[in-house]
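A.B. asks: give me a 3D structure for the following:
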Amino acid sequence: MPLRTQQQPSLPELVQLEKLIALGGTHLRHQVLARVPYKKFSYPLYSISMGSQSRNAPVIAFIGGIHGVERIGTQVILALFESLIRRLKWDQSLHQELSQVKLLFLPLMNPVGMLNNSRANGNGVDLMRNAPVDAAGTVPWLVGGQRISNILPWYRGRKGKAMQEESRVLVEHINQELLAAPFSIALDCHSGFGFNNQIWFPYAKSKQPIPHLAEIFKLRKMLTETYPHQDYVFEPQARNYMTHGDLWDHLYDQSLNLDTTFLPLTLEMGSWTWIKKNPLQVFKSSGIFHPIQPHRVKRVLRQHHVLMEFLIKVTGSYAHWLPQLNKERHHADATSLWYNE
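C.D. replies: Predicted coordinates for the structure are as follows:
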């Protein structure tokens, strides 16, 4: 009897992504940034781009799956990705829009974590606590990042050690693609915090305002004026809790030494609403972070499409609205809104 070979565990989101890459054909450019080992196999970390290839073009990046258990973030990005690919077959206005802006997709940055239905990667490290950044103040116990053990959640990794491969690759790629552009936005998609959909911006390490506070306030103002019925809570992450090792704090601080404007955002989808509507889903392995009912999954995939399309247009039009910024007034308004407590 022939020996049976071990079959590589399948990851549906990775299968879907690779099918979409094939569907996009010559409209896309893709590369494997690294391969992450898992048992006897390895899984790719894909980067896919579409649109302008000019080094002077603004760039927007959509990042997902950094926490493997929060797979709805990856699925939201894949839904946008598929929509754009299919529109490219008939939508001439989209071709014109993409001639002015570069779109970057990194939808599955922790495939082993997703395979294991885990927040952490295969080494038990929380990638969003893994950057060499220490918070300026007290962080919540464990949640803010800990170095006790990778058996416990929110493990940062050992002090003084290099970042995990997934974190390192992401930081290097964002440096090459976004921080080299004149203007860029990153939207990192997560789930699992609160009843509201939230958009967070740095810092997670500090309650001090970031230097680009006026630009962030202007972005929020354009969103709320353009879509007055949207329900996002737009605020600095530190208003909710502070953490060590935030990747976006690390990248944002690096951008301050460069001739660029880099605005990293985190979308936190409010998963407690899904639990409230279906309390029994807390007994499922991913129920705290993912809508279980199929109709709710579809609703979430639709719900954030407007936000992502808005950010694409804002990025492509930065040369129009950014010079109109009243930096002093917007900074004062932002300080009054978020920091004068």
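A.B. asks: where does the stretch 51-200 of the chain have low pLDDT?
C.D. replies: 193-194 (pLDDT under 70).
A.B. asks: just the helices in it please.
C.D. replies: Remark: helices assigned in the stretch 51-200 of the chain by DSSP state H, counting those that start in this stretch are 71-87, 92-98, 111-115, 165-177.
A.B. asks: list the residues that contact Asn110.
C.D. replies: Counting by C-beta atoms under 8 Å, 6 or more residues apart in numbering, Asn110 touches 65-68, 121, 127, 166. The way it works is simple: take the backbone N, C-alpha and C, and place the C-beta from them, glycine included.
A.B. asks: what is the nearest of those residues to Leu108?
C.D. replies: For these, the closest approach to Leu108 (C-beta to C-beta) belongs to Gly65, at 4.3 Å.
A.B. asks: now the strands for the chain?
C.D. replies: Counting by DSSP state E, one finds strands in the chain at the ranges 29-38, 41-51, 59-64, 102-106, 183-191, 198-201, 233-236, 261-269.
A.B. asks: the closest residue to Gln16 other than its chain neighbours: how many residues sit nearby?
C.D. replies: Sequence neighbours aside, Leu78 is the residue nearest to Gln16 in space, at 5.7 Å (criterion: C-beta to C-beta, 6 or more residues apart in numbering). For Leu78, the neighbour count with other C-beta atoms under 10 Å is 22.
A.B. asks: any idea how far Glu268 is from Leu78?
C.D. replies: 19 Å (C-beta to C-beta, to the nearest Å).
A.B. asks: which ones are touching Glu13?
C.D. replies: With the criterion set at C-beta under 8 Å, 6+ apart, Glu13 makes contact with 65, 71, 74-75, 78, 107-108, 114.
A.B. asks: among these, which pair sits farthest apart?
C.D. replies: Leu78 and Met114 (12.5 Å).
A.B. asks: by neighbours, which of the contacts of Glu13 wins?
C.D. replies: Busiest of the contacts of Glu13 [other C-beta under 10 Å] is Gly65, holding 32 neighbours.
A.B. asks: test my guess that that one contacts Gln75.
C.D. replies: No: using C-beta atoms under 8 Å, Gly65 is not in contact with Gln75; the gap is 9.3 Å.
A.B. asks: Ile77 is in contact with Phe105, correct?
C.D. replies: Yes: shown here, Phe105 and Ile77 form a contact pair, counting by C-beta under 8 Å, at 6.3 Å.
A.B. asks: any common contacting residues for these two?
C.D. replies: Phe62.
A.B. asks: picking up where we left off before, with respect to Phe195, which of the helices of the stretch 51-200 of the chain lies nearest?
C.D. replies: Short answer: helix 71-87, nearest of the helices of the stretch 51-200 of the chain by C-beta to C-beta, at 15.6 Å.
A.B. asks: quick one: list the elements packing against that closest one.
C.D. replies: helix 12-24, strand 59-64, strand 102-106, strand 183-191, strand 261-269, helix 294-303, helix 305-316 (3 or more C-beta pairs under 8 Å, 6 or more residues apart in numbering; DSSP states H and E).
A.B. asks: got a list of contacts for stretch 244-259?
C.D. replies: For stretch 244-259, the surrounding residues in contact (C-beta under 8 Å, 6+ apart) are 66, 126-135, 139, 144-145, 156, 167, 170-171, 174-175, 179, 182, 186, 188, 202-205, 210-211, 237, 261-262, 264, 266.
A.B. asks: same thing with stretch 147-163?
C.D. replies: Taking C-beta under 8 Å, 6+ apart as the rule, stretch 147-163 contacts 119-120, 123-126, 129-132, 142-146, 164, 168, 171, 244-245.
A.B. asks: how far away is the residue nearest to Ser99 when sequence neighbours are not counted from Trp141?
C.D. replies: Distances taken as C-beta to C-beta, 6+ apart put Ser52 closest to Ser99, at 5.9 Å, once the chain neighbours are dropped. Using C-beta to C-beta, Ser52 is found at 46 Å from Trp141.
A.B. asks: so which of these two has more stuff around it?
C.D. replies: Ser52 (18 against 8).
A.B. asks: buried deepest among the strands of the chain, which one?
C.D. replies: strand 59-64 (a mean of 26; mean count of other C-beta atoms under 10 Å).
A.B. asks: quickly run through the sheet partners of that one, with directions.
C.D. replies: In the sheet, strand 59-64 lines up against strand 102-106 (parallel), strand 183-191 (parallel) (DSSP bridges).
A.B. asks: what's the closest of the helices of the stretch 51-200 of the chain to Asn326?
C.D. replies: helix 92-98 (27.0 Å).
A.B. asks: now for that closest one, which elements pack on it?
C.D. replies: By 3+ C-beta pairs under 8 Å, 6+ apart, helix 92-98 packs against helix 305-316.
A.B. asks: mean confidence score for the helix it packs on?
C.D. replies: Average pLDDT, helix 305-316: 97.
A.B. asks: contact partners of it?
C.D. replies: 58-60, 62, 76, 79-80, 83, 97, 100-101, 103, 183-185, 187, 199, 219, 222-223, 226-227, 230, 232, 265, 267, 321.
A.B. asks: for it, buried residues please.
C.D. replies: By neighbour count with 16 or more other C-beta atoms under 10 Å, helix 305-316 contains the buried residues 307-308, 310-312, 314-316.
A.B. asks: please consider this matter closed, and thank you.
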